[in-house]
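[1] Show me how the following folds:
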Amino acid sequence: MFTICCSIVVACGLVAIDDRPTRPMSHDRTPSSSSRSALIGLANSVNLEAFATSVVRGRANLAIIGDSINSFGQPNWMYTGYLLDWRPHRWHQIHTSPASNSAATGTWVEYAGAADYPMLRPGQSKVGSEAFAGQHTWTLRVLEADQWTGRAISSGVNKGSFDYEGGMFIDADGQGRFLRSGHLQRHRSMILAAEDPAFRTEWTVKSRNSASGIAWTSTELDHLFDCSPNLGLAWFDHVIEGSADGLGHVGTGLYTSSEGPIFSGVRTGLPGTIITDLELEDGLGLSFIGHGGWRTENHLLPYGDPDVPLLSSSDGPYPASYSDQALKEHILAHEITHFLLWIGTNNGGTDSAEPWTTAEDVAGIMERCRRVHADARKIDPSLLEPEFLIVAPYSSNDTDVFSDGYALALRNLAGDDVAFIDLHQIVMDRFGPWSAWEQTLLSDGTHPSLTGCRTFAQLLWRELIAAAGSTADLNRDGVVNGADFGLLLGQWGCVDPGYADLTGDGCVTGQDLGILLGQWTVDSGG
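    I've put the predicted structure just below:
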């Protein structure tokens, strides 16, 4: 955590960057002693309507770029809040990461046999796995073994992780369709490897969506993954029929094939499985890029750049970053259409004494994503041009003036394909200074507790809902009619108001009903 003793009002300019990203030049760095007062009266969001409409009721595969605040696999941090408290029209995709194994993230990871599975962060290498550094955007597991046969890894969602009806992946109308329906699912099982004897590329793939959670539903024997000569991501798409019965187990496992045991010196990176409902025209998918402790330059600069900041870890310092190729493979694997950038709560740029430089890094990250996404669309023309959402982080101490200047600088990046939400201002307006809410919403003064991640997720979601259109469109189908009226009555009271609490007072009452009736769609057909 850092404390900055300066205050800035700034306007940052967006410029294109070349293959080696650098900070865009800022056109106006006007210092001010009143950044806090400058925020008063400003809207909580800017240019949010198009982004919000896609996320709330359209189709969006959203990649979250950030540090530990948003890390997938960290119990009770923001990723959990999104899965619990965002209510899109439908959920349709999730990445079951081998870095996750907790009820809080709703995933399970299972290893078998005597193999070792060191965990690698993007940009990190260990003895025997140097080639993997910088070639992936997620935390992954690397299989190391000697004369070992059997299952390498299984990952997914199981009945012991959470109760679908009362937990994560709930649709706007309160249903838990995702992972629990008869729809066809695509299980995209991924490996990191190359056409080289040093990398294992043949696996038997077993997938399941079953009520009992015991047997695999489908098996692909001895599948040879289509790897390139250079180390990179490869995947196999297993399309299976889902199960609407019970809570079940949903996931995929990799097993050694008839090729025989894994020998010493052979490696494979295991990034997990992307599960997608193929029968939904609309829906939201989430993925994460980065790791805890990352600064803005770790996303801005590609792996191998001499200016990439070194981060400490239990294994020693490492150049946290990823290559453009790894970013492109992430975009293609997840079919990314939207990016959310939330970084800087406690990890700004290396020169974070000046909020505008951290904001310039954010502008550069977006330009890097635009350029790489354009390359990805040459391979997959079905991808739409990306849209971006920048979130101004909440404060991390009472004397924090960095967040004021940073929020103003990020606000000035909004426009065209860039939306902005000032979570910093929203939290200050709702709860007051950091000391008034840090024990309630934060676990250590910086990272959110479970209550905090749900609260922040709800605050962001309310901004998205408001920007997308009618707040009373509870099932996000584009109209307010009898279906929404029924959903509101079903949540009546203060026990579990959820998505039907239109006033935000914690209860569903006549005030919420009045809002719904006031927004009733005239010619809705309902």
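[2] Show me where the stretch 151-300 of the chain dips below the pLDDT cut-off.
    158-166, 213-214, 246-248 (pLDDT under 70).
[3] Kindly report the same for the chain.
    Short version for the chain, where the test is pLDDT under 70: 1-39, 73-76, 104, 158-166, 213-214, 246-248, 523-526.
[4] Which stretches in it count as helices?
    Shown for the chain, the helices assigned by DSSP state H span residues 35-39, 49-57, 78-85, 296-300, 324-334, 355-379, 402-411, 423-431, 434-441, 450-468, 482-490, 510-518.
[5] With mean neighbour count and distance to Leu270 added, can I get those helices in JSON lines?
    (Each C-beta comes from the backbone N, C-alpha and C, glycine too.) Converted to JSON lines, the helices of the chain look like this (neighbours: other C-beta atoms under 10 Å; distance: least, C-beta to C-beta, whole Å):
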{"stretch": "helix 35-39", "mean neighbour count": "18", "distance to Leu270": "45"}
{"stretch": "helix 49-57", "mean neighbour count": "22", "distance to Leu270": "29"}
{"stretch": "helix 78-85", "mean neighbour count": "24", "distance to Leu270": "20"}
{"stretch": "helix 296-300", "mean neighbour count": "27", "distance to Leu270": "23"}
{"stretch": "helix 324-334", "mean neighbour count": "22", "distance to Leu270": "14"}
{"stretch": "helix 355-379", "mean neighbour count": "22", "distance to Leu270": "23"}
{"stretch": "helix 402-411", "mean neighbour count": "28", "distance to Leu270": "36"}
{"stretch": "helix 423-431", "mean neighbour count": "19", "distance to Leu270": "34"}
{"stretch": "helix 434-441", "mean neighbour count": "16", "distance to Leu270": "35"}
{"stretch": "helix 450-468", "mean neighbour count": "21", "distance to Leu270": "27"}
{"stretch": "helix 482-490", "mean neighbour count": "17", "distance to Leu270": "41"}
{"stretch": "helix 510-518", "mean neighbour count": "15", "distance to Leu270": "46"}
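[6] can you list these in TSV and add distance to Glu259?
    Below are these laid out as TSV (distance: least, C-beta to C-beta, whole Å):
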stretch	distance to Glu259
helix 35-39	61
helix 49-57	43
helix 78-85	36
helix 296-300	37
helix 324-334	24
helix 355-379	29
helix 402-411	51
helix 423-431	50
helix 434-441	51
helix 450-468	43
helix 482-490	53
helix 510-518	60
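[7] Tell me which of those helices sits nearest to Ala193.
    Within the helices of the chain, the stretch nearest Ala193 is helix 324-334; the backing value is 12.2 Å (C-beta to C-beta).
[8] other SSEs contacting that closest one?
    Secondary-structure packing of helix 324-334 (3 or more C-beta pairs under 8 Å, 6 or more residues apart in numbering; DSSP states H and E): strand 59-66, strand 232-241, strand 283-290, helix 355-379.
[9] I'd like these written out as a markdown table, with distance to Leu301 added.
    Shown next, in a markdown table, are the helices and strands packed on helix 324-334 (distance: least, C-beta to C-beta, whole Å):
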| stretch | distance to Leu301 |
| --- | --- |
| strand 59-66 | 14 |
| strand 232-241 | 20 |
| strand 283-290 | 13 |
| helix 355-379 | 9 |
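[10] For Ser100, which of the ones you listed is the nearest?
    For those, proximity to Ser100 was assessed by C-beta to C-beta; strand 283-290 is nearest, at 10.2 Å.
[11] Provide the count of other residues in contact range of the residue nearest to Val46 when sequence neighbours are not counted.
    Of all residues not flanking Val46 in the chain, Ala414 sits nearest, at 3.9 Å (C-beta to C-beta, 6 or more residues apart in numbering). As a burial measure, Ala414 scores 18 neighbours (other C-beta atoms under 10 Å).
[12] can you pull the contacts of Ala414?
    For Ala414, the contact set (C-beta atoms under 8 Å, 6 or more residues apart in numbering) comprises Val46, Asn47, Ile390, Phe420.
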